[in-house]
Structures are given as C-alpha cells and as structure tokens.
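Asks: Give me coordinates for this.
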Amino acid sequence: MYDLEKQNLRLFSSYIVHVLRPSYMKVFLNEYLGKEDVEQILSQESRSVTLAAKMLLEKMMCLEEVGWFQAFLDTLHASEYTGLHAAVNTWDFQEMEALLPLKTLLERVEPSITKNMKPSELLPHMSDCLTQRDCEEIRAVRHHSHRRSLHFSLPRKLFQITKALLHRAAHVQEQRGCVAASECLVDILKRSDKPNWFKVLKLALDNCNQRLALDLLEPGTRTIIHIHTSDTMATVCFEYHEDGESDMGLLKSSNDLSLSNLQGNTGTHTSTEKKLRDYQRELTTAACNGQNTIICAPTGCGKTIVALMICEDHLKKFPGKAKVVFMATKVEVYDQQYKLFLEHFSKDPDIRVTGVCGDMELCVQTVVECNDIVVLTPQILVNALQRGELLSLQVFTLLILDECHNTTGKHPYNNLMGRYLDAKLGPSAHTLPQVVGLTASVGIGTFKNQLEAENNICQLCANLDARVISTVTKHIDELRSYVHIPDKEFYLVPPQTSNPFIEIITGIMSNIEQLARTVYNIESLSPIQNREYGSQKYEQWIVEVQKRCKLLQLQDPEEEKRMCRALYNYTEHLRKYNDALIIYEDARAKDALVYLQAFIQQVRNAGYGDTESHLAALLDSQWAQLQHLATEGQENPKLQELKFILDEEYHNNDQTRTVLFVRTRALTDALKNWIEETDSLNFLKPGILIGRGRKSHLTGSGMTLTSQKGVLDSFKSSDQSKILIATSVADEGIDIPQCNLVIMYEYVGNVVKMVQVRGRGRAQGSRCFLISSSKERIDKEKLNMQREEVVEKAIASLQSSPEDLRAKVDVFQREEKARRAHVSAEPERPHDMGSYQLLCAKCRHFACFSSDLRVLQEAHHIILDRSVFNRCETKPHGKPKTFDGITKTKKLLCGNCKMDWGIIASYLNIQNLPVVKIESFVIQNIKTQQIAYFRKWKDVTFALRTFDLAEMSAERWGP
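Replies: Presented below is the predicted three-dimensional model:
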C-alpha cells in the first residue's frame, strides 16, 4: 500500500528536501509520527533544514496508516507550499526543475547581494511569493528597522537635526540588521517553491530602486561578482527566458479589468467562472444559491468581478426571463461599471446590456423590456416608479446595489427598498427580485460597543431584505495575498499661529460685524455662542443668521428691503472671509487672497450698491499689506510636512502614484497651485478630481464626467500626472489601481469612509498618511480603526448565529413597516388656496404670485407670467444641457440684486420658460403679510397647479 507514492517521494526527494521545512508541517508530524521522532526532526532542523527534511522523508517511508499521503498533501497546501503541493499531487516537477538555475545564481551572488538590499522596502512588494510567516521571520531578524511614527510639534529644523543625529548613531547597528534580514530573505527564496519568486524579487528591487542588487540578477549579462569571504572571483553568465504570464495567475489588481482579463478563449460569457479566485467564488456562494445577501469585502478585491459572475449565473438559471439591474450611487462610478458590464458581455450577442444615467432622454420601461441587464443610478429607478413608467420592482429578477451601505435614511436605495418591503410585507403575494448588496464596510451609524454595531448591521440587512452576510472566511489567506491594506501613519503638526495676516482678516470681519449691528441686532438672530473666526462653528452661525434675516419684517416695506439686502451682503462677506481663514489654515496666505479676489470680482460683476462698495473698500485698503505678508510670511507647518512626505516617498520610488484627499474644492485648487509652484514637487503635475455638484466657491463649478474621466485616465495610464488631489468624490467606488500612496489632509470621516479612503491605495506596498493639526481629528481616526475591529467581530458573531440575525431582521422590518404605515396614514397638510407672492430672498424684490406657478413633471416649477421678465435679468448659461425633455438655455437673475433665481428653459416647442428654485425666495401671504422661507418645494403650504399645455396660448405666452 502506498508503494507508488513512496517510490515517487524517493525519486523526487532532492527537490523536496531543498524546499520543505518540517516545522511548518507540525500538524502532519504530530498526527502520523511518534513524539520522539518529531523531537529528533525539529532538533535537526535547528542545525540543518535540509537534513531535517531528509529525516522526515525517511520516517514517511515507514508509514502504513490509511490516509497519511492525502494528509501530507493537505498539510502542504495549508502550509502555503503551493508549488510543492502541485508538483507532488501530479508528480510533475518541471517547474521545480526550472527554479534550480535561478537558485544557483542567487546562491553565487549571495555575499554581494545581501549587502545591497533593504528588505524592509522590498517586503511590501513581494507578497506574491512570500507568505506572511516569511515576512514576519525576516522582520524579526531585522531588529532595528527604521519606522517613522507619530511626531509632534517640534520645529522642522530641530526635527530634521534630531533625526539626522539619531540616524548616524544607529547607522552601524542598522546596517547589521539589514544584512541579517537580507540573508534571511535569500535563505527563504533559495527554498521557495513559488515559480514567480525570481521575477517578483527583480520587480521589487526595481520598484525600490535598489539597482546594485538588481544588476547582480540581470539576465543575459556577464556579471563579475567579488565574494568577500575568499580571494576567489567567480564569473557568472546566465541566460533567462521568461514565459508569458498565465491568465490564471490574476496578478493584476482585480479591478484593473479588460475584456481579456475577464474572458477566456471560448468567446462565451461563462468563462469568468474559470477566472474567479477562490475567495471571489466564496463570495458568490450565497447569491448563486438565490439568497438575498450583503457581500462585504475589501476595496480592491474584485467585487465587480463577483457581481459579473452572479449575473452570469442568474442569466443561465433563468434563460429568457432574467432581468438584472445593477445600480451605482454616483454617475462617475456608473460610467466605470457600465463599461465593464458592456465589455464583459460583448461577445455574447444573446445578452443585451445597456446603461441609463440622468442626462439621457429614454423611457425606462422600454429600456427594461428590451435588455437583459440595465446599469443605472438609483434615482433613475425612483423617478421611473414615481412617474408610473415602471409599475413596480417586480419587473426585475435581480437587483444588485453597489455601495449598499448607503441603504439608509432618505437615500434612493432606501426609497427603492421601502417599496420592495411594502410589497413583500403587504397582504398580497408578490414575486420579488433577488437582492444582492456590495460594500467594503457595513460599519454604518454610530455605535459604542459590539451589540450596538450588530444592531446597526441588522438594520442594514433589514433594509436590504438580506439574511446572509457574505465575507471571505475560508480563503482569507488568498484574499490577503491580493488585497494590500496600506500601513497608516499619523502626523500631528502645529497649527498656524496668530500673525499679522490673520489679524488683518479678523479685523475686517470684526468691522463687518459692527456694520451689521448698525442695521440690526444680529446677535439676537442665532443662539450660537463662542464662535471663532475661521471655524466651522462660525460658518454655522452665518447660515443661521442668514436664514433668520430672510424672515425679518418691518412696518416700512422699503426699509425692510434695504435692511434685508444689507444684512445678506454683510453675512455673505463674513462667510467668504471665514472661508479664506480656513484655506489659510490648510494652505497659504496667497491662496486665501486668490479666493477673496475671485469673490470680490463676482460682486463687482453683479453690480455695485453702496453697501457692496463699502465692503469692497475694506479689503482694498488692506490689499497691499496682505499681498506683502503673503509673500514674506512663514510657511504653513502642514505644507512643510506634506512636502517632507512627498519628497521622501518620491525619492524612494519615483513611480509612486498619490491620491491626496482634502475637505473642500477650494483647497484642491490651492494645493494644486502650491505643488506646481514648489520646485521639488512640480514634476508631479497634479490633477484635480472634484464632484459634478453645485457651484464651487473657488473653481466656479464642478467637473463634467468627461473632465473627470480625462483626469483619471491621465493619472492611471501615463506620466502626465503622478498625484491626484481629490475631494470625497474619489473615496467611494472609483477605481484607481495604480495608487500606492494615500494622504488624508485633515480628511477624516466615519468607519465606512475610512475603509473607502484607505482602499484607494491598492498597489503593493501602499501607505496611508493622515496629516492634521488637530489631535482630536487624529484620535477620531484611531477610534475609527478600533470601530472597524468591532464591526468585524459583530459580523462574525452574526454569521455564527444566523437564527439571531434572521430574527432581528424580521423585527426591524416589522417596525419599519409600521413606521411607514403611520407616516402614510397621517392626513396630508392642507394646502392654502389663498394668494401668496414670491419675493427675492436677498432684496425682497417682487418676482411673481403663487397663482402664476405651474409644476412640470412633478419636479420643475415654472412661472407662467411673461411680465416676470420685466423684474429679472437673464444671461447665457455656461453649460446648457437637456434633462427630462427640458433644455436649459440661460440663467435667471433678480433684476435688482442679481440673486440667482433659476434658469430659462425650453420644453417641446415652447421657449423662454422661467424655472425657479424655491430657496431663492421668501413667501409672503398677501392677506396676513406673514413671511415664510422654504428650502424645498414639497414643504410649501400653498397649492400648486400642474403644468398644462392648453394654458400656453399665444395671448398668454406669446408666439
């Protein structure tokens, strides 16, 4: 029995004993060998690993117990001897044979190469051929590896001097530790069974710019190697041929997708199954079994590939009946994911894939009927259901929600799932689609302990009707080998100290506050106290004061208009100066002045009144002094720290790709200008990535989808840009596989945001830094890291008790159903049929009567009174576009104060329709003279009539 296996073990023993380390096989040893034999083998290993492996093979020749050989194979696999396991399993040692000349070369150059390597830099780049156990062993040998850590507010020069002295003092000991670690690394590689170890080593040396060591390994060259331990000299001539990379290797980032990555040679859509890694297949299990599930896995692990596999499986199981919708929360992510779906299914003509986003003029019902897979943003689906284009979600058989942690509150995901649950829990039976959510973290909401975290997760499961949380548990080691979680380091730097620049700006703000008090007692308009200039609290105070100003009423209407306009101008200038101080805190005085200059120019362009002229003069009188201070002032400590980090990281690796996260759009421009004007950094050619949202204070407006795509393509695929400065638009979903350095510049959020931001650094050896002048902000991020561990424990607890999970989900769903029923049962607030007038929120200029308003498509509010053009001004729209059949052509402004009222649009063949936004107005009851302010049209207390084409006569609207 087992004669053939023993014969082959003897035949290939020369390969096995030069790879196998018996101590890694303790499970097998303890199970099948006697205690005395085990002790002898492990004792021998301390003197010679190869002799210990030979001793183990000799003992195995005597084994007769049933199952020992399979146990040997299983232990090899579990001990991460993947190459040796494959060779013994098939008795094919050709790959092991191919490694011998490479190991011979490494052995010959060992005395030289170990003196020219820095293992601490190499290890993050070698996870494809080193196990975690190997890395720990190497690190343990190198006792004095240099690690930067949290440092406090030492002056920059003192810090650098101190660092230099410490470095020189530890240099000798450091060098010894480095050589010892290099020797350990070489020993491990000489015993490696990984077929790619030589290639990975060379790439790591190249990435870390360790050229002396790399030159010793360069193929096809004649290398003269001096071995310092003897007087001999050896000449090595080595020729190396590298085969093409196997598709099954999947060494690329899992989100670096193309058709060739996802499809095999058969040309059919079923080929992805062959390409799935084991951990990805594990993630698909529950969904492919038809269960509603939340798939929670790290950013960069290939959740999109998992979604594609689930789609394929679903289409195969329900041929001709399947209707799949894949939803992405942002248009930027929608565009990325739609292209992946389209490319992946392009070779199967029977699978029809399409995408829908906000700017498209399409009937959603027709789109769904004519396609098998629809990729869209969730608001598209919400709108279609509200308008009756789709009767219900039952038209679909599978819903996939990307970034599903957003299924809370008033998010469109939660709107859709509310409809889903109402149908499920209603009195009638419904055939509802399967639901699959994808996310990197389920750490939603606030929680103080594991139980509260579990309840939050159960609430999310209830919202998604999911009773399974799919995570990687069986193949966690494989996941870790592909997903690189960056090391995080914290830098606490001193804040900007008070100086003449700050004193001038705060002095101007104090003067403006005094002017405002001469008009009205502004302190009575807000309860917020202890507000500091240049703080978020001051911003909150401004918002509260402006809101109350809109509701002020006086006996004299003209005096009321004058006062409201003056207070609006005063508070708006205070807001901009506060913004400038925030910019100065994070960037330079120069950037704050650029911001203020842009604002004052906008005021001048809109037309001057007495108040505006006086306010502009306050800045003009100090402008020369401010410019001088901006030129001569001290450098911001945060920028010094940022420069120090970037200089060092790009010196160590000039191929570094950085994403720099900041809090505001204004700061993206400020830091871009700073990098371009800094001699040692301008080679980085910074790009900016901001959202597509509303008007920005400094940049004018958000980026178009085309602009975003151009910036990302430049960052990903060329040397045009080595750093991307981004706001929150980049922290969720957008794929940036080349990034290996993430810098959070005063950028901290909750647990989910932390996981998302950290996940932007996907390349091997990635690092993540937080720079802040606030100890509280750093402490918050450290707390997020602790909460992430709590979330992981909460998930494990729920997975171990599926009955408890299901029970909690049922309870939460019933409670939420009762809440929705209570809200829907409340009688609608009666809308007053009386007459109201809309007045400009800034200057109280009359705009129109409420009876002149019409609602188009339940969303757009139009003034059907041509005389409104006598009270407003229009100017061309910078970015005209069409949505919902409406084409915006111009901007609509108050004729008195130039307040933004809305747009001029065309609909069908009707031109020049004024479409207004409610937040630009206050509403006055003509009968009672009471004034109210609403931020949303749905909150107004008067009735609104529906737009009717029959009203659009030539007499009323003109030809």
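
Asks: going forward, measure contacts and count neighbours with C-alpha atoms only.
Replies: Fine.

Asks: export stretch 677-696 as PDB, just CAs?
Replies: Only the C-alpha atoms of stretch 677-696 are listed here, as PDB (Å, rounded to 0.1, in the frame of the first residue of the first chain):
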ATOM      1  CA  GLU A 677       5.000  76.400  -7.600                       C
ATOM      2  CA  THR A 678       7.200  74.200  -5.500                       C
ATOM      3  CA  ASP A 679      10.500  73.400  -7.300                       C
ATOM      4  CA  SER A 680      11.000  70.000  -5.800                       C
ATOM      5  CA  LEU A 681       7.400  68.900  -6.500                       C
ATOM      6  CA  ASN A 682       6.200  70.500  -9.700                       C
ATOM      7  CA  PHE A 683       7.300  67.400 -11.600                       C
ATOM      8  CA  LEU A 684       4.300  65.700 -10.100                       C
ATOM      9  CA  LYS A 685       2.000  67.600 -12.500                       C
ATOM     10  CA  PRO A 686      -1.000  67.400 -10.100                       C
ATOM     11  CA  GLY A 687      -4.500  66.700 -11.300                       C
ATOM     12  CA  ILE A 688      -7.800  67.600  -9.600                       C
ATOM     13  CA  LEU A 689     -10.800  65.400  -9.100                       C
ATOM     14  CA  ILE A 690     -13.900  67.000  -7.700                       C
ATOM     15  CA  GLY A 691     -17.600  66.300  -7.900                       C
ATOM     16  CA  ARG A 692     -20.200  67.300 -10.500                       C
ATOM     17  CA  GLY A 693     -22.300  69.200  -8.000                       C
ATOM     18  CA  ARG A 694     -23.200  72.700  -7.400                       C
ATOM     19  CA  LYS A 695     -21.200  75.900  -7.800                       C
ATOM     20  CA  SER A 696     -17.900  75.900  -6.100                       C
END
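
Asks: residues making contact with that stretch?
Replies: 643, 646-647, 665-666, 668-669, 672, 675-676, 701-705, 708, 711-712, 715, 720-730 (CA atoms under 8 Å, 6 or more residues apart in numbering).

Asks: Narrow the residues you listed to those that are buried.
Replies: Buried by 16 or more other CA atoms under 10 Å: 643, 646, 665-666, 668-669, 672, 675, 701-703, 708, 711-712, 715, 720-730, out of the contacts of stretch 677-696.

Asks: Would you verify that residue 469 is located in a strand?
Replies: Yes. Applying DSSP: H, G, I helix; E, B strand; the rest coil, one finds residue 469 inside a strand.

Asks: What's opposite it in the beta bridge?
Replies: As for beta bridges, residue 469 partners with residue 294 under DSSP bridges.

Asks: Narrow the contacts of stretch 677-696 to those in helices?
Replies: 643, 646-647, 665-666, 668-669, 672, 675-676, 705, 708, 711-712, 715 (DSSP state H).

Asks: Which two among these are spaced furthest apart?
Replies: 647 and 705 (31.8 Å; CA to CA).

Asks: Mind picking the one among the ones in helices among the contacts of stretch 677-696 that's closest to residue 461?
Replies: For those, the nearest to residue 461 is residue 705 (32.3 Å; CA to CA).

Asks: Give me the contact list for stretch 574-593.
Replies: Stretch 574-593 has contacts (CA under 8 Å, 6+ apart) with 495-496, 501-502, 505, 509, 512-513, 533-535, 538-539, 542, 595-596, 599, 626-627, 629-631, 635-636, 638-639, 666-667, 670-671.

Asks: now, which of these lie within helices?
Replies: The members of the contacts of stretch 574-593 that map onto helices under DSSP H are 501-502, 505, 509, 512-513, 538-539, 542, 595-596, 599, 626-627, 629-631, 638-639, 666-667, 670-671.

Asks: Buried among those residues? Make that a ChimeraX selection.
Replies: Only the buried entries of the ones in helices among the contacts of stretch 574-593 go into this ChimeraX selection, using 16+ other CA under 10 Å:
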select :501,502,505,509,512,513,538,539,542,595,596,599,626,629,630,638,639,666,667,670,671
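
Asks: Quick check: closest non-adjacent residue to residue 197.
Replies: Residue nearest to residue 197 in three dimensions, not counting chain neighbours: residue 129, with 5.3 Å by CA to CA, 6 or more residues apart in numbering.
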